[in-house]
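Visitor: here is the input, now give the coordinates:
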Amino acid sequence: MTIFDVTVPGGTDPSTRLGPRPGVATLVVNVASKCGLTPQYNGLERLQERYAGRGFTVLGVPCNQFGGQEPGTAEEIAEFCSATYGVTFPLTEKIEVNGDHRHPLYAELVSVPDAEGYTGDIRWNFEKFLVGRDGNVCTRYFGLRPKDRFEADIKALL
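Guide: Presented below is the predicted three-dimensional model:
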């Protein structure tokens, strides 16, 4: 099994399955609409607009495990993201990223270390994983905003 085999139903259309796709570099981000980090949607959307034509996408993965900061339905989350931040990148259904019910996507992702060598549970909203076109999880980012150093990593994959 590769990361390409792991998918999550789409947020507003359960028949749509989303996940990293062969040939497309993907930034997987656990997102929340009521978090102090929520304005990161602006930078994530800028990355989507800037690099989508070069084989890149952001994949937003709503999660309500951190302070109950993603309480809405898939439709409410999608509407909020679109109306407030102009988000065009795909959003999955709301899933769990930690614990006994951790989604298989995150079971694969959390084994990758961040720059400090940390592996394991997601620590907070907006933790990011960069997946290469070949399906390899390249890097994990904690606490970085879209304007920070990982844009260079995205460019290097493209």
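
Visitor: going by C-alpha atoms from here, please, whenever you check contacts or count neighbours.
Guide: OK.

Visitor: just the pLDDT for the closest residue to Phe80 other than its chain neighbours.
Guide: Closest residue in space to Phe80, ignoring its immediate chain neighbours: Ser33 at 7.5 Å, by Cα to Cα, 6 or more residues apart in numbering. Note on Ser33: pLDDT of 96.

Visitor: for this protein, which element, helix or strand, carries the lowest mean pLDDT?
Guide: strand 17-18 (a mean of 78; mean pLDDT, DSSP states H and E).

Visitor: outside of it, which residues touch it?
Guide: 7-10, 90, 92 (Cα atoms under 8 Å, 6 or more residues apart in numbering).

Visitor: the same query, at a cut-off of 6 Å, please.
Guide: 7-10 (Cα atoms under 6 Å, 6 or more residues apart in numbering).

Visitor: before we move on, what about stretch 62-74?
Guide: For stretch 62-74, the surrounding residues in contact (Cα under 6 Å, 6+ apart) are 11-12, 30-35, 94-96.

Visitor: list the buried residues for that stretch?
Guide: Residues of stretch 62-74 classed as buried: 62-65, 69-72, 74 (neighbour count, 16 or more other Cα atoms under 10 Å).

Visitor: need the contact list for the nearest residue to Val137 once chain neighbours are set aside.
Guide: Using Cα to Cα, 6+ apart and skipping residues adjacent in sequence, the residue nearest Val137 is Val131, 4.3 Å away. Contact analysis of Val131 by Cα under 6 Å, 6+ apart lists 25-26, 137-138.

Visitor: could you measure from Val131 over to Phe80?
Guide: When Cα to Cα, to the nearest Å is applied, the distance between Val131 and Phe80 equals 26 Å.

Visitor: rewinding a little: most neighbours, which of the contacts of stretch 62-74?
Guide: Ala32 (29 neighbours; other Cα atoms under 10 Å).

Visitor: using the three-state scheme, assign the residue nearest to that one when sequence neighbours are not counted.
Guide: Leaving aside its sequence neighbours, Ala32 sits nearest to Glu70 (Cα to Cα, 6+ apart; 4.7 Å). With DSSP: H, G, I helix; E, B strand; the rest coil as the basis, Glu70 sits in coil.
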